[in-house]
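Chemist: no sequence on this one, just coordinates:
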């Protein structure tokens with residue numbers, strides 16, 4: 001398929017299982033390569049990732065669930081727990097981080113752009129997330145992007161030995177596709193684009 005077809009195929013898949021045709025090692029290599037090839041401002045390569053499979057993946061979602069248990073009213077927690085369990089049913093999770101030491105270093109080196117580097121860092125992680133998500137989709141691995149940061153950042157950092165300078169930005173949960181994505185609706189081009197010649 002063409003690149004446009006690949007990104008058209010990439011969708012949020014919420015019904016995930018823990019079986020994939022690719023091995024953990026093959027998935028890890030694919031994830032690393034997609035991140036490595038993702039562009040970043042000033043070639044900063046500020047994106048970092050923690051790749052969790054199987055029991056470590058389940059442990060992550062258990063940490064998030066138990067942290068949310070302390071925050072969500074008891075009468076509303078059941079749906080929260082069900083959602084966390086649906087993520088845990090997948091094969092793995094990529095925790096996307098941005099290294100704040102890199103951002104600070106660039107701010108010091110290029111003071112004129114200092115205010116832009118945190119923004120550009122967010123661009124870098126978004127590109128890396130999209131690249132990994134599309135690469136997994138190409139291999140028929142379903143995924144959905146989640147944002148449970150900073151809910152459990154501190155405990156996750158302890159459990160998975162994450163450096164203090166790494167800031168968690170998103171979590172991409174992935175696995176076998178157990179049910180197709182819903183139809184996607186698009187707003188009109190007139191509301192979204194302007195073209196001039």
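Modeler: Structure's in. What do you need? Treat the numbers as computed from the prediction; the structure is a model and nothing was measured.

Chemist: so where's the longest helix in this protein?
Modeler: Criterion DSSP state H: the longest helix present in the chain is helix 117-138.

Chemist: what comes up buried for it?
Modeler: 117, 120-121, 124-138 (16 or more other Cβ atoms under 10 Å). Where C-beta positions appear, they are placed from N, C-alpha and C, glycine not excepted.

Chemist: try stretch 8-27
Modeler: Using 16+ other Cβ under 10 Å as the test for burial, stretch 8-27 gives 10-11, 13-16, 18, 20, 27.

Chemist: Strands along this protein, start to end?
Modeler: 16-17, 47-53, 92-99, 142-146, 166-177 (DSSP state E).

Chemist: Let me know how buried residue 185 is, in neighbour terms.
Modeler: Neighbour count of residue 185, defined by other Cβ atoms under 10 Å: 5.

Chemist: let me fix that: residue 163
Modeler: Residue 163 - counted by other Cβ under 10 Å - has 11 other residues nearby.

Chemist: hmm, back to that, which ones among the buried residues of stretch 8-27 are found in helices?
Modeler: Per DSSP H, the subset of those in helices is residue 27.

Chemist: how about the buried residues of stretch 8-27 in CSV, adding distance to residue 42 and pLDDT?
Modeler: Output for these, formatted as CSV (distance: Cβ to Cβ, whole Å; pLDDT from 0 to 100):
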residue, distance to residue 42, pLDDT
10, 28, 95
11, 32, 95
13, 34, 97
14, 36, 96
15, 40, 97
16, 36, 98
18, 39, 97
20, 35, 96
27, 30, 98
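
Chemist: thinking again about what came up before, elements contacting the longest helix of the chain?
Modeler: helix 3-9, helix 24-36, strand 47-53, strand 92-99, helix 100-109, strand 142-146, strand 166-177 (3 or more Cβ pairs under 8 Å, 6 or more residues apart in numbering; DSSP states H and E).

Chemist: Would you tell me which one of these is buried the most?
Modeler: Mean neighbour count, computed with mean count of other Cβ atoms under 10 Å, is highest for strand 92-99 among the helices and strands packed on helix 117-138, reaching a mean of 24.

Chemist: So what are the sheet partners of that one and their directions?
Modeler: strand 47-53 (antiparallel), strand 166-177 (antiparallel) (DSSP bridges).

Chemist: among the ones you listed, which is nearest residue 142?
Modeler: When the strands paired with strand 92-99 are compared by Cβ to Cβ, strand 166-177 sits nearest residue 142, at 3.8 Å.

Chemist: before we move on, back to that, columns mean pLDDT and distance to residue 62 on top of the strands paired with strand 92-99, output as a markdown table?
Modeler: Formatted as a markdown table, the strands paired with strand 92-99 follow (pLDDT from 0 to 100; distance: least, Cβ to Cβ, whole Å):
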| stretch | mean pLDDT | distance to residue 62 |
| --- | --- | --- |
| strand 47-53 | 98 | 11 |
| strand 166-177 | 98 | 13 |
